[in-house]
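J.: Sequence plus the predicted model coming up.
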Amino acid sequence: MNAPMLLQHPVASRDAWLAQRLQLLAREKELTRLQDQVARERRALPWVRFDDAAYVFHTPQGPRALSELFDGRSQLLVQHFMLGPGWEEGCKSCSFMADHVDAMRPHLAQRDVSFIAISRAPLAEIERFRQRMGWKFRWASSAGGTFNFDFGVSFTPQDMGSGEVDYNYRKQPFPHEEAPGVSAFWRDPASGEVYHCYSTYGRGVEVMMGTYPMLDLAPKGRDEESLPYTMSWVRHHDRYEAATGASACGCGA
């Protein structure tokens, strides 16, 4: 929505505004109830036993199994962060997601939830980028393993050559060999067994983008209609003033 359109926006009396606001409030409450219902259905999904011995993750503390990444808690949220081997920097949209994490971590911990990002890049490349961005959250490498491929967020050259990959539960074209996602896991406190509970991809990763709901409240909203693609405005937070050209990530698939 550009400035001329805003200038042409309807203007009403306070009473007329309130009448329409109450109508919208009813719709908002419907949406809230629907979101609560979907959340209950999400939690009711069956779990899949996770083969903890099948994967090794590289961390600053040494190699770890996924069960060792829960940090003493029973729930783990994983950001599948787009940072492939040899990349100069991480995906701009994934970085936008990650910018919201450090402030959430103490609150997640109070609800028995740990967070970690996982990427296919080697640990040294991850650490270099993490330090540049100033993030404190934990970030592990799945380099040398199949974790990213098994969770549908990395694609082989053969996958890319076919023109379509398995992403977000369907076959579709995708412009990169890495993709974003968020996964949830449970570790049984008694047996130590790990279960995969949920994964979301595509626009589902907006759950980590707290900036977007705030923009949705602002008069111009997300203001993305005239852009080449959604999120093309996003930059690494240390690059906004120097930004030129469009983002190369395209994670709004």
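T.: Looks like it came in fine.
J.: quick one: the strands in the chain?
T.: Assigned by DSSP state E, the strands in the chain fall at 48-49, 57-59, 62-64, 75-80, 113-119, 139-141, 165-167, 170-172, 181-187, 194-201.
J.: quick one, helices of the stretch 151-253 of the chain?
T.: Defined through DSSP state H, counting those that start in this stretch, the helices belonging to the stretch 151-253 of the chain, from first to last, are 157-161, 211-217.
J.: For the ones you listed, could you give me CSV that also reports mean neighbour count, mean pLDDT and distance to residue 130?
T.: To be clear about C-beta, it is placed using only N, CA and C from the backbone, and glycine gets the same treatment. Output for the helices of the stretch 151-253 of the chain, formatted as CSV (neighbours: other CB atoms under 10 Å; pLDDT from 0 to 100; distance: least, CB to CB, whole Å):
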stretch, mean neighbour count, mean pLDDT, distance to residue 130
helix 157-161, 11, 95, 27
helix 211-217, 11, 98, 20
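J.: which one of those helices lies closest to residue 18?
T.: helix 211-217 (17.6 Å; CB to CB).
J.: which residues sit against that closest one?
T.: Residues outside helix 211-217 that contact it (CB atoms under 8 Å, 6 or more residues apart in numbering) are 96, 100, 206, 221-223.
J.: Just the buried residues of those residues.
T.: Among the contacts of helix 211-217, the ones that count as buried by 16 or more other CB atoms under 10 Å are 96, 206.
J.: What about residue 139, how many residues nearby?
T.: When neighbours are defined as other CB atoms under 10 Å, residue 139 has 25 of them.
J.: right, and it touches residue 115 too?
T.: No. Counting by CB atoms under 8 Å, no contact exists between residue 139 and residue 115, whose distance comes to 10.0 Å.
J.: ok so, going back, could you export the contacts of helix 211-217 as JSON lines, including distance to residue 81 and pLDDT?
T.: Written out in JSON lines, the entries for the contacts of helix 211-217 read as follows (distance: CB to CB, whole Å; pLDDT from 0 to 100):
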{"residue": "96", "distance to residue 81": "11", "pLDDT": "98"}
{"residue": "100", "distance to residue 81": "13", "pLDDT": "98"}
{"residue": "206", "distance to residue 81": "15", "pLDDT": "97"}
{"residue": "221", "distance to residue 81": "27", "pLDDT": "96"}
{"residue": "222", "distance to residue 81": "22", "pLDDT": "96"}
{"residue": "223", "distance to residue 81": "26", "pLDDT": "95"}
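J.: any chance of the contacts of helix 211-217 in TSV, plus distance to residue 36?
T.: Formatted as TSV, the contacts of helix 211-217 follow (distance: CB to CB, whole Å):
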residue	distance to residue 36
96	26
100	22
206	18
221	24
222	24
223	29
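J.: Could you find the closest non-adjacent residue to residue 227?
T.: residue 233 (6.2 Å; CB to CB, 6 or more residues apart in numbering).
J.: Please report how far that neighbour lies from residue 49.
T.: For residue 233, the distance to residue 49 equals 42 Å [CB to CB, to the nearest Å].
J.: Looking at the two, which is more packed in?
T.: In this view residue 233 and residue 49 are compared by other CB under 10 Å, and residue 233 has more residues nearby, 17 against 10.
J.: now the more buried one: how far from residue 70?
T.: To residue 70, residue 233 is 36 Å away according to CB to CB.
J.: Return the residues in contact with the spatially closest residue to residue 172 that is not a sequence neighbour.
T.: Beyond its immediate neighbours in the sequence, the residue positioned closest to residue 172 (CB to CB, 6+ apart) is residue 164, lying 6.0 Å away. Under the criterion of CB under 8 Å, 6+ apart, the contact list for residue 164 reads 171-174.
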